[in-house]
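Novice: Provided below are the primary sequence and the corresponding predicted coordinates.
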Amino acid sequence: MDLEKIGRSRLKMRLPTLRALIDAQQSPVFRALSEEYAVAWIARDQLSVAHRYDPGDLYDLEVICAEIERDVDRLLGTSNVRQRRN
């Protein structure tokens, strides 16, 4: 499983205005953020389909994903990340 590729793909879906910048970015920091984003989303997806889970845990994973999106936004030098309302 290529976590960087998965993370990049998810980031491009969540941040469509940054697709070209996401594709072009090759820095080690961005690669690490992409991998972390993939891990967080995979965990979130697995938790959301579990029969029993703590909604607080799901919320925490969504917060982590939103924080990584903001980090990506800052790294790419833009300010287009939407604030999520829960």
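Specialist: Now that the structure is in, tell me what you want to look at. Numbering: from 1, shown residues only.
Novice: okay, CA-based contacts and neighbour counts for the rest of this
Specialist: Fine.
Novice: for this structure, which residue is closest to the average position?
Specialist: residue 37 (3.9 Å; C-alpha atoms, centre = their mean).
Novice: what's whichever helix or strand residue 67 is part of packed up against?
Specialist: Applying DSSP states H and E as the criterion places residue 67 in helix 55-75. Helix 55-75 is packed against helix 28-48, with contacts defined by 3 or more C-alpha pairs under 8 Å, 6 or more residues apart in numbering; DSSP states H and E.
Novice: at 10 Å what do you get?
Specialist: Under the contact criterion of 3 or more C-alpha pairs under 10 Å, 6 or more residues apart in numbering; DSSP states H and E, helix 55-75 touches helix 3-14, helix 19-24, helix 28-48.
Novice: Including mean pLDDT, could those helices go into TSV?
Specialist: What follows is the helices and strands packed on helix 55-75, written out as TSV (pLDDT from 0 to 100):
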stretch	mean pLDDT
helix 3-14	97
helix 19-24	96
helix 28-48	96
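Novice: Can I get those in JSON lines including distance to residue 74?
Specialist: Converted to JSON lines, the helices and strands packed on helix 55-75 look like this (distance: least, C-alpha to C-alpha, whole Å):
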{"stretch": "helix 3-14", "distance to residue 74": "14"}
{"stretch": "helix 19-24", "distance to residue 74": "12"}
{"stretch": "helix 28-48", "distance to residue 74": "11"}
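Novice: picking up where we left off before, and the residue nearest to the centre of the chain, what does it touch?
Specialist: 3-4, 6-8, 10-11, 31, 43, 61, 64-69, 72 (C-alpha atoms under 10 Å, 6 or more residues apart in numbering).
Novice: returning to that earlier point: could you point out which of the helices and strands packed on helix 55-75 sits nearest residue 78?
Specialist: Proximity to residue 78, assessed across those by C-alpha to C-alpha, is greatest for helix 19-24 (9.9 Å).
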